[in-house]
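S.K.: would you be able to build a 3D model of this:
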Amino acid sequence: MKASPHLARPGSRSVLSLTAACALALAACSSGSGGGTGGSSGSGTGGTSPGTGGSSSTGGATGTGGSSSSGGTGGPATGTGGSQVSGTGGSQVSGSGGTSSTGGSFSTGGQGGSSAGGHAGSTSTGTGGGGGSSTTGSGGSSGFCPSGAIFCADFEEASGVPDNNPVGTATFSDPSEYGWTFGGSTMAAMILDSGDMPYDGKQSLKVNSSSSFSIRTLAVKVPQTFWVRLYIKSATPIGMVDHNSFFAAGVDSDYSKAHFVEVSEQFNCILLNQSDSLFPTGNTCGVNTALSANQWHCMAAQFDGATGNVQVFAGTTKIIDAAGWAPAKQAFTTFSFGYFDYNEGATVWYDDVVVSASPLSCP
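M.R.: Predicted coordinates for the structure are as follows:
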């Protein structure tokens, strides 16, 4: 409802003239002679300074500008004064930032407008925005999966094989042991393990030791040329036991058809094995000597089926460099990791496994 017009008192400035003056010089009217409170809130710059209360015959309320990092500018309130009343500007309402790895920025509250002479204006309260959204890392391992990866698994699922958590799907393969499963309280070939100090997050993949020949792996679909990076730990030194394998590239997910090029252990060395063709040859080790037991190791590898090039790294050290190796010239479709138990078995763990068409390396 509009305020009723009032006659100007002799010797005093009219409300209309004061309003016009405010329109010309807003800064000069930030503390007026009768303080109404601010108008409705908006968004823009912060509120103006409080107006000064008028005399008992003409004064309005003391207007208080709304605080905030940005708010609108309220319009003047008009009328003739009664006793001094204090108006209240818009209170600051701040959005709270998001939590986790990236907090949201604060939103801004509204503000009360500047006051003009006359009756005390009604209180106008600015409204703050809500907090910004947050980005939350999952399980402590949010940065391990690079953009464009084919497959990433940190094994933080509640149960089951990795399935688009966060990227790509794996298939459990155990062709040699009837009735063995992924997970479960009995006959579990591999499990999600929280009790043996995972490399990252809360869980890792544990491949249980077998007392006889077994192929306990997870299989991922890949292009002919690909890279892999993973963290691996074994209860025995990696390389110590005669011919067993940890991960491999193959032309089929079916073990009997895959023609796997395996990253294997033999002669206390880490080497490549493709149907008993070895690289490097001989039974002595150089930089490809066995890796220590019960300790997490980062390993990275490239399998290039078009050229036969295979490179394997332990940390930042290249331990295998097979250039144009004939047994590796294959139309790879599958990457498998776990444990190929051909002789004496071992318990092996994996964490933060990544497969990509782009180069990968250990930190």
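S.K.: other residues contacting stretch 323-334?
M.R.: Outside stretch 323-334, the residues within contact range by Cβ atoms under 8 Å, 6 or more residues apart in numbering are 219-226, 249-253, 258-259, 261, 272, 274-275, 277, 279, 303-310, 322. Yep, even glycine has a C-beta here, placed from its N, CA and C like the rest.
S.K.: please identify the buried residues of that stretch?
M.R.: 325, 327-330, 332-334 (16 or more other Cβ atoms under 10 Å).
S.K.: start to end distance for it?
M.R.: Stretch 323-334 has an end-to-end distance of 21 Å (Cα to Cα, to the nearest Å).
S.K.: now do that stretch, average pLDDT.
M.R.: Model confidence over stretch 323-334 averages 98 on the pLDDT scale.
S.K.: what score does residue 84 have for pLDDT?
M.R.: pLDDT, read off for residue 84, is 37.
S.K.: now do the one 5 residues further on
M.R.: Looking at residue 89, its pLDDT reads 38.
S.K.: likewise residue 290?
M.R.: Looking at residue 290, its pLDDT is 96.
S.K.: same question, the one 3 residues further on
M.R.: pLDDT, residue 293: 97.
S.K.: in contact with it, which residues?
M.R.: Residues near residue 293 by Cβ under 8 Å, 6+ apart: 234-238.
S.K.: and residue 217, by the same measure?
M.R.: Contacts were defined as Cβ under 8 Å, 6+ apart; by that measure residue 217 touches 172-174, 336-340.
S.K.: just the ones of the contacts of residue 293 in helices?
M.R.: Nothing among the contacts of residue 293 maps onto helices, per DSSP state H.
S.K.: can you name the next helix or strand after the helix-or-strand element of the chain with minimal mean pLDDT?
M.R.: Among the helical and strand segments of the chain, the one scoring lowest on mean pLDDT, DSSP states H and E is helix 15-24, with a mean of 34. Of the helices and strands lying after helix 15-24 in sequence (DSSP states H and E), the nearest is strand 151-153.
S.K.: same for that following strand, what does it pack against?
M.R.: Using 3 or more Cβ pairs under 8 Å, 6 or more residues apart in numbering; DSSP states H and E as the contact definition, the elements that strand 151-153 packs against are strand 166-167, strand 348-356.
S.K.: reformat those strands as JSON lines; add mean neighbour count, distance to residue 182 and mean pLDDT.
M.R.: Formatted as JSON lines, those follow (neighbours: other Cβ atoms under 10 Å; distance: least, Cβ to Cβ, whole Å; pLDDT from 0 to 100):
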{"stretch": "strand 166-167", "mean neighbour count": "17", "distance to residue 182": "19", "mean pLDDT": "94"}
{"stretch": "strand 348-356", "mean neighbour count": "24", "distance to residue 182": "13", "mean pLDDT": "98"}
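S.K.: thank you kindly, that will do.
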